[in-house]
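[1] Fold the stuff below for me.
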Amino acid sequence: MRIVFVRHCEPNYEIDSLTPKGWREANLLAKRVSNWNIDAFYESPLGRAHDTAKVCLDARRELGKNSDVTVLPWLKEFYYQLKMPVTGADAMCWDLMPSYFNGNKELHDKDSWCDAPLMASGDIRKEYEHVTNAFDSLLKEYGYERLDDGTYKVNEHNDKTIVMFCHFGVTSLLTGHLTGIAPTCLWQGFFMAPSSVTIIGSEEREQGTASFRVQEFGSVSHLTDNNEPVSSSGYFAEVLNL
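    Below you'll find the predicted structure:
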């Protein structure tokens with residue numbers, strides 16, 4: 001099984017849609033998505049993800065290809081807030097200052113990161129379990145049942161590919177859930193450009209069980225192949241365009 005996460009194109013957060021550049025990115029992304037053999041599409045309920053998906057699926061529809069999409073409310077951005085110690089200021093759970101993240105090693109642990117005092121201030125475990133439980137329920141429908149150790153029991157093998165149009169925060173959270181990495185490490189250490197594609201596939205190396213492995217992370221070949229600059233939205237410096 002393969003899971004493809006697509007981050008929405010460059011966003012206009014004020015109107016929860018796309019910027020003019022974002023619409024250009026969506027049209028280039030649509031050409032890429034039109035070539036894929038996909039079994040099911042899912043999307044976040046937020047406008048910027050919906051608009052990205054719509055451009056891609058309209059292009060597939062014109063070609064007579066599968067373009068049905070299911071909205072998953074829990075696939076919205078994981079934008080829950082915390083209370084920073086000392087100052088009491090609000091902060092996004094995936095937007096910590098490097099000095100704080102690096103100095104608090106409990107935030108690096110894949111099992112207990114959301115029990116750290118900072119995360120507990122925003123009841124992040126509750127939201128984390130809501131998203132991951134819903135995600136695992138979906139995977140169970142495809143034949144993959146999560147076990148306590150983080151691997152998946154293969155009740156029914158398949159070679160299906162599903163696509164999820166969503167956001168950086170929730171994609172990192174689910175990537176960490178699948179691969180055994182604290183999402184905080186992905187939030188702090190990786191960048192996923194607007195319109196980028198992340199592919200995660202199952203490997204069944206032991207009879208009856210599967211694990212998931214990242215095949216491609218944050219791919220923007222549809223932009224670079226067409227001389228469209230990579231957006232820096234969500235990055236705190238200019239990205240290197242080669």
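
[2] Who are the packing partners of the top helix by length along the chain?
    Of all segments of type helix in the chain, defined using DSSP state H, the longest is helix 124-141. Using 3 or more C-beta pairs under 8 Å, 6 or more residues apart in numbering; DSSP states H and E, the elements in contact with helix 124-141 are strand 144-146, helix 168-179. Yep, even glycine has a C-beta here, placed from its N, CA and C like the rest.

[3] Buried residues in the last one, which are they?
    I take that to be helix 168-179. Of all the residues in helix 168-179, those buried under the rule 16 or more other C-beta atoms under 10 Å are F168, G169, V170, T171, S172, L173, L174, T175, G176, H177, L178.

[4] between those, which is closest to R2?
    Checking the buried residues of helix 168-179 against R2 by C-beta to C-beta gives L178 as the nearest, at 11.7 Å.

[5] returning to what we had before: pLDDT added to the buried residues of helix 168-179, as JSON lines?
    Output for the buried residues of helix 168-179, formatted as JSON lines (pLDDT from 0 to 100):
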{"residue": "F168", "pLDDT": "97"}
{"residue": "G169", "pLDDT": "97"}
{"residue": "V170", "pLDDT": "98"}
{"residue": "T171", "pLDDT": "98"}
{"residue": "S172", "pLDDT": "98"}
{"residue": "L173", "pLDDT": "98"}
{"residue": "L174", "pLDDT": "98"}
{"residue": "T175", "pLDDT": "98"}
{"residue": "G176", "pLDDT": "98"}
{"residue": "H177", "pLDDT": "98"}
{"residue": "L178", "pLDDT": "98"}
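
[6] What is the nearest of those residues to A59?
    Closest approach to A59 among these (C-beta to C-beta): T171, at 22.0 Å.

[7] Report the contact partners of the closest residue to that closest one other than its chain neighbours.
    In space, and not counting its chain neighbours, T171 is closest to F5: 4.3 Å by C-beta to C-beta, 6 or more residues apart in numbering. Shown in contact with F5 (C-beta atoms under 8 Å, 6 or more residues apart in numbering): V163, M164, C166, T171, L174, T175, V197, T198, I199, I200.

[8] Mind doing that once more with 10 Å?
    42, 75, 162-168, 170-172, 174-175, 192, 196-200, 217-218 (C-beta atoms under 10 Å, 6 or more residues apart in numbering).

[9] from these, which would you call buried?
    The neighbour count (16+ other C-beta under 10 Å) marks 42, 75, 162-168, 170-172, 174-175, 192, 196-200, 217-218 as buried among the contacts of F5.

[10] Just the closest of the buried residues of helix 168-179 to K126, please.
    Closest to K126, out of all of these and judged by C-beta to C-beta, is L173, at 13.5 Å.

[11] can you tell me how far V214 sits from I200?
    Using C-beta to C-beta, to the nearest Å, V214 is found at 5 Å from I200.
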